[in-house]
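*Asks:* Turn this into a structure:
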Amino acid sequence: MISRFSTTPSLLLLCLGSTLCGQASGQPDKSARSFFNRTPEAELRELSTDRPDLTESPYTVDAGWWQVEMDLVSHARDHDTAAGADTQVSALSLAQINLKIGLTNSIDLQTVIASYTRVRTTDRLTGDRATVSGFGDVTSRLKINCWGNDGGDSAFALMPFVKWPTNRHGLGNDSVEGGLIVPYARELPGGWGMGVMTELDLVRNVADEGYTADWVNTITFGRDLAGKLGGYVELAATCTRGADPVTFDCGLTYGATRHLQFDVGANLGLTDAAEDLTLFAGLSFRF
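*Replies:* Residues are numbered from 1 along each chain as shown. Below is the predicted model of the structure:
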């Protein structure tokens, strides 16, 4: 709910040929768990979320459990002065939700809902102002963990997704789009963790005459700071035709309970194509 590394063919073949729910030594065998055979609380993995950074997690929700990840509020600002323009855009988003359900021990289904967005555009040369608001698009995603869900020092997953054009009032391009996300996580010395992600998106072109490909890459580093407080830093870049937004991102997480996490963060644009600044606060919980 934006640096990346491409996934080699050999790694993809290894993933597709591996057992989707392989167990690390000493871990309980949860291969028989499913949506209808819920994982006992005593066997749950540590809460893992796809937020607040842009790098998706390769870990899935345990079978039979629901997980909600939400932007309580997000506010973005951008000032465009290219080619003599002087346009300011601000976007406010509320209750952006990623609803997940664990289907098996290694697969979860996700529904990302853009509940409410308000975009205000101001032309500072003419004084004209336009505001649109309402419901956004819905995205369906399937996360398939290939290894590392229940142990080991690395994890890898595949995440195909489809975006459905459910937006109102021009808050989207009214086109079906999709792609594939490939996240990887690795434990590092000193209590640090690293996540990298590469993503290929098939998006409608500006002329609305066909589709083009965007290539997204991110890398993030995080660790526990004090007690239940954690932090991360991230670099994210998108390769598109004519514009290559790059952001530096950072944030904090607080694990209030085993099933509840709060977060705050900021994304700072490093190129003209990126939004200047995005601030957000959110939470994640499972049940």
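*Asks:* Please make it C-alpha for all contacts and neighbour counts, starting now.
*Replies:* OK.
*Asks:* what about the protein, any weak spots by pLDDT?
*Replies:* Applying pLDDT under 70 to the chain flags residues 1-26.
*Asks:* Check the secondary structure at the residue of it most remote from its centre for me.
*Replies:* Of all residues in the chain, Thr126 sits farthest from the chain's C-alpha centroid, using CA atoms, centre = their mean; the distance is 37.1 Å. Three-state assignment for Thr126 (DSSP: H, G, I helix; E, B strand; the rest coil): coil.
*Asks:* What of Lys30?
*Replies:* Applying three-state DSSP to Lys30 yields a three-state assignment of coil.
*Asks:* Give the burial count for the closest residue to it other than its chain neighbours, as a bare number.
*Replies:* Excluding its sequence neighbours, the residue lying closest to Lys30 (CA to CA, 6 or more residues apart in numbering) is Asn105, at 6.3 Å. Using other CA atoms under 10 Å, Asn105 has 27 neighbouring residues.
*Asks:* repeat for the one 5 residues further on
*Replies:* Other residues within reach of Gln110, judged by other CA under 10 Å, total 22.
*Asks:* Go ahead and confirm it touches Leu142.
*Replies:* Yes - Gln110 lies in contact with Leu142 (CA atoms under 8 Å); the separation is 6.1 Å.
*Asks:* thinking again about what came up before, how about the residue nearest to Lys30, what does it touch?
*Replies:* Cys21, Lys30, Ser31, Ala32, Arg33, Ser34, Thr60, Val61, Asp62, Ala63 (CA atoms under 8 Å, 6 or more residues apart in numbering).
*Asks:* Could you export those to JSON lines, including columns for distance to Val119?
*Replies:* Formatted as JSON lines, the contacts of Asn105 follow (distance: CA to CA, whole Å):
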{"residue": "Cys21", "distance to Val119": "43"}
{"residue": "Lys30", "distance to Val119": "45"}
{"residue": "Ser31", "distance to Val119": "46"}
{"residue": "Ala32", "distance to Val119": "46"}
{"residue": "Arg33", "distance to Val119": "43"}
{"residue": "Ser34", "distance to Val119": "41"}
{"residue": "Thr60", "distance to Val119": "33"}
{"residue": "Val61", "distance to Val119": "33"}
{"residue": "Asp62", "distance to Val119": "36"}
{"residue": "Ala63", "distance to Val119": "38"}
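*Asks:* Of the residues you listed - the most surrounded one?
*Replies:* For the contacts of Asn105, neighbours were counted using other CA under 10 Å, and Asp62 has the most, 31 neighbours in all.
*Asks:* Now do the closest residue to that one other than its chain neighbours against Thr126, distance only.
*Replies:* Leaving aside its sequence neighbours, Asp62 sits nearest to Gly102 (CA to CA, 6+ apart; 5.2 Å). From Gly102 across to Thr126, the span is 52 Å (CA to CA, to the nearest Å).
*Asks:* How about Phe161?
*Replies:* Distance from Phe161 to Thr126, by CA to CA: 41 Å.
*Asks:* Mind jotting down where the strands sit in this structure?
*Replies:* Using DSSP state E, the strands found in the chain span residues 66-80, 87-102, 107-113, 116-123, 129-134, 138-147, 154-164, 177-187, 192-204, 211-226, 229-239, 246-257, 260-269, 277-286.
*Asks:* Please list all residues in contact with the closest residue to Glu199 other than its chain neighbours.
*Replies:* Nearest in space to Glu199, with sequence neighbours left out and distances taken as CA to CA, 6+ apart, is Ile181 at 4.3 Å. With contact taken as CA under 8 Å, 6+ apart, Ile181 is in contact with Leu158, Met159, Pro160, Phe161, Met197, Thr198, Glu199, Leu200.
*Asks:* and the closest residue to Cys239 other than its chain neighbours, how many neighbours?
*Replies:* Excluding the flanking residues, the one nearest Cys239 by CA to CA, 6+ apart is Trp215, at 5.0 Å. For Trp215, the neighbour count with other CA under 10 Å is 18.
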